[in-house]
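Trainee: Any chance you can model this:
(chains A and B)
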Amino acid sequence: MDIAGLYETLSALPAAELSGWQSFFLKFYRAWFANSRWTQYFEGLLATIEVTVIALAIGVVLGVLVAIVRTAYAQRRPGTHNPVLAVIDFIFKIYVTVIRGTPMMVQLLIMGFVIFSSSRNFTFVGALTLGINSGAYVSEIIRGGLMSLDPGQAEAGRSLGLNYIQTMWHIVIPQAFKTILPSLGNEFIVLLKDTSLISVIGGKEVVYFAQAIVSRTYEAMFPYIITAIMYLIMVMAFSYLQSILERRLRASDRR
Amino acid sequence: MIDVKHLTKAFGDHVVLKDITDHIYPGEKVVVIGPSGSGKSTFLRCLNLLETPTAGTITFKGTDITDPKSDINKYRQKMGMVFQHFNLFPHMTIMKNLTLAPMKLLKKSKAEAEEKAMELLGRVGLADRAGSYPNQLSGGQKQRVAIVRALCMEPEVMLFDEPTSALDPEMVGEVLDVMKQLAQEGMTMVVVTHEMGFAKEVGDRVLFMEDGIIMEQNTPTEFFDHPQTERAQNFLAKVL
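Mentor: Presented below is the predicted three-dimensional model:
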């Protein structure tokens, strides 16, 4: 007997006569196969990946920009004063403080229902909010990496006659990248999982679809466990890629 | 070649260099000695503006490099610097360490830069380590590579900031030998060091610094045999 046929037979029986395994099967069938619901999980999964990529792009661009400006300001030559840089540094400092000081959920509610309350594109508003949020954390990670590098490295570059940008590009950033990669990977994982929050403002991603299935089948267990497994697989795949990259970057640590 | 006038450097309220005036002539080997905290490293680092002087001027071959309008990067190419902790770039092979700046700044081709680097590496006895990473070398080897890195830019003056202080005693000799060889070839050198033997043998002039000023200066023979100030006498009594 095929799965659909088995489902027909079992669902015709009164619930009291079903064995434990039979009712388990029925619940799973309704959460996954019925009405081709499994396609909705994958639709949600694609949306989740899309939101993550958009948010990641915004977060990295914003984070690098903020980190470079703030590092340049912190490491400026003593005695020099650049008012434009000082103002931008101050604005960025407020940005990082506000974002890191408020919950992601509250930021989403404010962006979705206050700032962009007239927008119907909830998914994009969610991605934008996540990107802005991630940028603050990424900037702190990068800033920490740039500042933690032995100042002697930059001095050696400058003493050869390389300018600030050449020194940053060839000497500081490649080394800082290696040290920040684990934290950056961590931040990426947090971002990926935080995309689940955008369902609170109506953003469509995998949790949104899972909730829709729950409200149809009155069965919460399978849709949410399936969702959890999907996140787990994505994070594990990403962690694997990250470890390959880290191993490659360790080439110069050989002794 | 380098003219220092009324150089003052303060970190906050802490005045490290007090109104220093000196002139370094082409081909001269100046050895700077003194107790720690006397400002000798800061003095050296001011010469290529790794530290920005609080007051005073530094003129390199007739150009005031402390003038904010002068392009310091151009003058640093002519002033090689060797650091106490080598500061090789750990993410690059030795060859990349040596060719990065010549290729970016002197616009040399890869082949030209590598040829020059190999020639200089050969002279310090490290030609076989071109493909290694800095972490695979001993301290003495690292410092010899660091000297070669500076020389690859074909500088007119070399600044040494305690080049042997971070080395195991048995590796000091190999680095000093390279420096002596460089001195014999007529390079202008300013060396901050605790190696009194090197100062005597190679130096044309010894600057004894204490408390942010040049307390005494003389030829090495005169300075070591007849120190004038009590402070210098005390210092030499402790280190010799």
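
Trainee: What does the pLDDT read for residue 136?
Mentor: Since you didn't name a chain, this refers to chain A. We have a pLDDT of 96 for A:A136.

Trainee: my bad, chain B
Mentor: 94.

Trainee: now it: how far from chain A?
Mentor: Plainly put, B:Q136 is 6 Å away from chain A if you go by Cβ to the nearest Cβ, to the nearest Å. No exception for glycine: its C-beta is placed from N, CA and C like everyone else's.

Trainee: What are the boundaries of the strands in chain B?
Mentor: For chain B, applying DSSP state E gives strands covering B:2-11, B:14-24, B:29-33, B:55-60, B:63-64, B:79-82, B:157-161, B:188-192, B:205-210, B:213-218.

Trainee: looking at the ones you listed, which is closest to A:I213?
Mentor: strand B:2-11 (65.5 Å; Cβ to Cβ).

Trainee: mind checking how far that closest one is from the chain centre?
Mentor: Taking Cα atoms, centre = their mean, to the nearest Å, one finds strand B:2-11 lying 17 Å from the centre of the chain it belongs to.

Trainee: if you average pLDDT over it, what comes out?
Mentor: On average, strand B:2-11 scores 93.

Trainee: in the chain, which spans are helices?
Mentor: Since no chain was named, I'll use chain A. Assigned by DSSP state H, the helices in chain A fall at A:3-12, A:20-32, A:38-74, A:83-101, A:104-110, A:122-148, A:151-159, A:164-167, A:173-194, A:206-217, A:221-249.

Trainee: Switch to chain B, please.
Mentor: Using DSSP H, helices in chain B cover B:40-47, B:72-76, B:94-105, B:110-123, B:139-151, B:169-184, B:196-202, B:220-225, B:230-239.

Trainee: Of all the strands of chain B, which one is nearest chain A?
Mentor: strand B:79-82 (4.0 Å; Cβ to the nearest Cβ).

Trainee: one step back: chain B is nearest to which of the helices of chain A?
Mentor: helix A:151-159 (3.7 Å).

Trainee: Nearest the geometric middle of chain A, what residue?
Mentor: A:L191 (1.8 Å; Cα atoms, centre = their mean).

Trainee: So that one is in contact with A:S134, correct?
Mentor: Yes. A:L191 is within contact range of A:S134, at 4.9 Å (criterion: Cβ atoms under 8 Å).

Trainee: Find the residues that touch each one of those two.
Mentor: Taking Cβ atoms under 8 Å, 6 or more residues apart in numbering or on different chains as the criterion, A:L191 and A:S134 both touch A:A55, A:L56, A:G59.

Trainee: Burial check on the second one, number of neighbours?
Mentor: Okay, so that is A:L56. 20 (other Cβ atoms under 10 Å in any protein chain shown).

Trainee: ok, it - contacts?
Mentor: Counted by Cβ under 8 Å, 6+ apart, A:L56 has contacts A:G131, A:S134, A:F188, A:L191.

Trainee: of all the residues in chain B, which ones are close to chain A?
Mentor: Contact residues (Cβ under 8 Å from any Cβ of the partner chain) of chain B with chain A: B:11, B:48, B:50, B:52, B:54, B:73-74, B:76-77, B:79-81, B:83, B:85, B:87-92, B:100-101, B:104-105, B:133, B:135-136, B:149-150, B:153.

Trainee: Can you select the buried ones from those in PyMOL?
Mentor: Remark: buried members of the residues of chain B next to chain A, expressed as a PyMOL selection using 16 or more other Cβ atoms under 10 Å in any protein chain shown:
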select buried, chain B and resi 48+50+54+73+76+77+79+80+81+83+85+87+88+89+90+91+92+100+101+104+105+133+136+149+150+153
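
Trainee: now B:G197: how far from B:G203?
Mentor: 10 Å (Cβ to Cβ, to the nearest Å).

Trainee: who has more neighbours, the two?
Mentor: Neighbour count, other Cβ under 10 Å: between B:G197 and B:G203, B:G203 has more, with 25 against 11.

Trainee: How about the more buried one, nearest residue that isn't a chain neighbour?
Mentor: Spatial nearest neighbour of B:G203, excluding adjacent residues (Cβ to Cβ, 6 or more residues apart in numbering or on different chains): B:V31 at 3.9 Å.

Trainee: That neighbour: how many residues sit nearby?
Mentor: Neighbour tally, B:V31, other Cβ under 10 Å: 26.

Trainee: who's in contact with it?
Mentor: B:V191, B:T193, B:F198, B:A199, B:V202, B:G203, B:R205, B:V206, B:L207, B:P220.

Trainee: Same list, those residues, but as TSV with pLDDT please.
Mentor: Shown next, in TSV, are the contacts of B:V31 (pLDDT from 0 to 100):
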residue	pLDDT
B:V191	97
B:T193	94
B:F198	94
B:A199	94
B:V202	93
B:G203	94
B:R205	95
B:V206	95
B:L207	95
B:P220	94
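
Trainee: Among these, which one lies nearest to B:E185?
Mentor: B:V202 (12.0 Å).

Trainee: doesn't B:E28 make contact with that closest one?
Mentor: No. The pair B:V202 / B:E28 is not scored as a contact, 11.1 Å apart, by Cβ under 8 Å.

Trainee: Let me see the contact set for B:K5.
Mentor: If you count contacts by Cβ under 8 Å, 6+ apart, B:K5 has them with B:T21, B:G56, B:T57, B:I58, B:T59.

Trainee: Neighbour-wise, give me the winner out of those.
Mentor: Ranked by neighbour count (other Cβ under 10 Å), the contacts of B:K5 have B:I58 at the top, with 20 neighbours.
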